[in-house]
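Peer 1: for reference, the sequence and a predicted model appear below.
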Amino acid sequence: MKPALPIVCALALAVATALAPRAAQSQDGESPPGAAVQHSSSCARCHSNADGAEALRDAAGRGIAPHDLWSGTMMANASLDPLWRAAVSIEVAATPAAREAIETKCVSCHAPMGHLAAFDGERYGEFATPMDVLHDDGPVGELARDGVSCSVCHGIAPDGLGTAASFSGGFELDPWNRLFGPHTDPRPQPMTRATGFTPTHGEHVIESALCATCHTLETHTLDEQGAPTGHVLLEQGAYLEWRTSIFDTESPRDGHRGRACQECHVPRYDEDGREIETGIARRPDGKDFPFVEPRRPFGRHAFVGGNTLVLGMLADHAEELGVTASPEALARTRAATLEQLRTRTASVGVDGVELDGDRLRFEVTVVNRTGHKLPTGHPTRRVFLRATVRDADGAVLFSSGATDGTGRVVDTAGRPLASESAGGPVQPHRDTVTASDQLVEYRSVMADAEGAPTHVLMRGARYLVDTRLLPRGFDPEHPDAPRVAPVGTEGDDDFTGGRDRVRFEITVPSGARPANVEVEVCYQTLSARWADEMAQYDTEEVRRFLAMYATADREPVVLASARAEL
């Protein structure tokens, strides 16, 4: 669906909700006009690449305009994400009495502009339900489908960031229509005249606390009737995980330079490793502004995460999903995501390999190289080890963590594990593997108020297990550590900050001669078990998603691998 808003959106789309006007006043006593949002097409006039402009290019001449890079990301397509829409529909189907509260919370971060334009602090105006803003044919729908857009992130005011009040979508947009960036003394014109926004220096846009507003998410547990149980689940805790890591910049450790979220996800360096310095805007007619000098820092708005599955769906089903990004933009983001996953996320080693008769022993050490848990985010995701023992002819003698064409984990005989199906057992944390149906899995599984495993977020009262790899340099004494501590790894002294060590003790077939051992660290955006749990709900959004999932590339992404010869 093509944007119907004019290139310069009217400030009539301003929202004067509780998120906007405060007691603040200008020096002459004037009250603030209230926060405003605009469609990304307004920003694209000057912050996209044009053939006639040298601005917004790296040293090699590659286009790095914020709008162009952003357009193919999960941020830009957050409200079009078919997995998210299916997940919301499941939550509503499971707890229909809480539909408005559930959808409001989900829309506030996935379609923040539509939420801000439609929500008056109590209800959604003319819309029957919050998710209806996504299907609106007017300007509110255009804003909603623009995802997490420019005027949201750059419009967030610095007050209160990093505090609990700012989490779960609790950001506040600046009531004076200021858009913040890292550069001092920005020129107000022509941006203010063209858009009504005033460019303003604000270092908080390159600090992790900005990202924390949506990437720290708490949910309040509900029973089937929609009544609160009194439990609160930290559904996403990437920011809190980061604060316990060696990457923390808010309380850096001696001898270590931290890294904010933006340094990895909005990198200041080009693809050749050179720090970017470029003009940050060009004229609407496609030429350079004569007064815009190259500046730094300049972040590539690549917003690379780990969601290769949905990025593929957005490309394969662009028309059906209403995607407006170019195929090139989507392909670029997916390629960058794969590159990050494969080269900067994890490492693994195999040592201590010994064969004693028909008993083969070896040890595997897997390392999380990131500043948050691996995987982080929604519990659909998992990382697991694939260990394969082969003879000299390449025949498989043993495997743990092998997968079939549907992404399910299978044993050496090719049978799917019972834990891969809805209602199946939950794999425990393992520090020793002795059989092919024993999986080393790093993931979180929610438990309901009665302690039973659940895949419905609003039933999640705590974590039954949380064996995700801890962030690098995890500090168990940090004030946030209790909230993000592992669950179910008790007694495993080898499961520590940033790494885990697992021992394999297996029996090889009689007469077989193992020649090598290969171990791979595998990642899936959506585990096969979670997909099967989704299929238990018959909603339009689930049916639509599963149809796309059936033809998607479900092969796990290999984050790292190691091989040892016998």
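Peer 2: Nice, I can see it.
Peer 1: please name the nearest non-neighbouring residue to residue 332.
Peer 2: The shortest distance from residue 332 to any non-neighbouring residue, by Cβ to Cβ, 6 or more residues apart in numbering, is to residue 72 (5.8 Å). (C-beta placed from N, C-alpha, C; glycine too.)
Peer 1: check the gap between that neighbour and residue 265 for me.
Peer 2: Distance from residue 72 to residue 265, counting by Cβ to Cβ, to the nearest Å: 14 Å.
Peer 1: same question for residue 227.
Peer 2: 38 Å.
Peer 1: same question for residue 429.
Peer 2: To residue 265, residue 429 is 29 Å away according to Cβ to Cβ.
Peer 1: top helix in this structure by residue count?
Peer 2: helix 327-344 (DSSP state H).
Peer 1: following that helix, which helix or strand comes up?
Peer 2: strand 346-356 (DSSP states H and E).
Peer 1: contacts for that following strand?
Peer 2: Residues from elsewhere that reach strand 346-356, judged by Cβ atoms under 8 Å, 6 or more residues apart in numbering: 360-369, 374, 383, 385, 469, 508, 514, 517, 519-521, 559-564, 566.
Peer 1: inside strands: which ones of these?
Peer 2: If you go by DSSP state E, those have 360-368, 383, 385, 514, 517, 519-521, 559-564 in strands.
Peer 1: which SS class is residue 543?
Peer 2: helix (DSSP: H, G, I helix; E, B strand; the rest coil).
Peer 1: just give me the neighbour total for it.
Peer 2: 13 (other Cβ atoms under 10 Å).
Peer 1: one more: the one 3 residues further on?
Peer 2: One way to gauge burial is a neighbour count; for residue 546, by other Cβ under 10 Å, it gives 16.
Peer 1: hmm, residue 536 and it touching each other?
Peer 2: No - assessed by Cβ atoms under 8 Å, residue 546 is found out of contact with residue 536, at 11.1 Å.
Peer 1: quick revisit: residue contacts, the residue nearest to residue 332?
Peer 2: Contacts of residue 72 (Cβ under 8 Å, 6+ apart): 311, 325, 326, 328, 329, 330, 331, 332, 333.
Peer 1: what do you get for residue 215?
Peer 2: 236, 238, 239, 261, 377.
Peer 1: ok, the helix or strand the first one falls within: who's next to it in the sheet?
Peer 2: It refers to residue 236. Assigning secondary structure by DSSP H and E places residue 236 in strand 228-237. Taking DSSP bridges as the criterion, strand 228-237 sits next to strand 216-222 (antiparallel) in its sheet.
Peer 1: which residues does the strand it pairs with contact?
Peer 2: With Cβ under 8 Å, 6+ apart as the criterion, strand 216-222 contacts 95, 98, 105, 109, 167-169, 228-240, 448-449, 457-461.
Peer 1: weed out the non-buried ones from those.
Peer 2: Neighbour counting by 16 or more other Cβ atoms under 10 Å classes 95, 98, 105, 109, 167-169, 231, 233-240, 448-449, 457-461 among the contacts of strand 216-222 as buried.
Peer 1: what's the neighbour count on residue 290?
Peer 2: Neighbour tally, residue 290, other Cβ under 10 Å: 7.
Peer 1: kindly apply the preceding question to residue 483 instead.
Peer 2: With other Cβ under 10 Å as criterion, residue 483 counts 15.
Peer 1: got phi/psi on it?
Peer 2: phi -80, psi -20 (degrees, to the nearest 10).
Peer 1: quick check: pLDDT value at it.
Peer 2: With respect to pLDDT, residue 483 scores 97.
Peer 1: next, the buried residues of stretch 450-470.
Peer 2: Residues of stretch 450-470 classed as buried: 453-470 (neighbour count, 16+ other Cβ under 10 Å).
Peer 1: please give the element, helix or strand, for the residue nearest to residue 498 when sequence neighbours are not counted.
Peer 2: In space, and not counting its chain neighbours, residue 498 is closest to residue 472: 3.8 Å by Cβ to Cβ, 6+ apart. Assigned by DSSP H and E, residue 472 belongs to no helix or strand.
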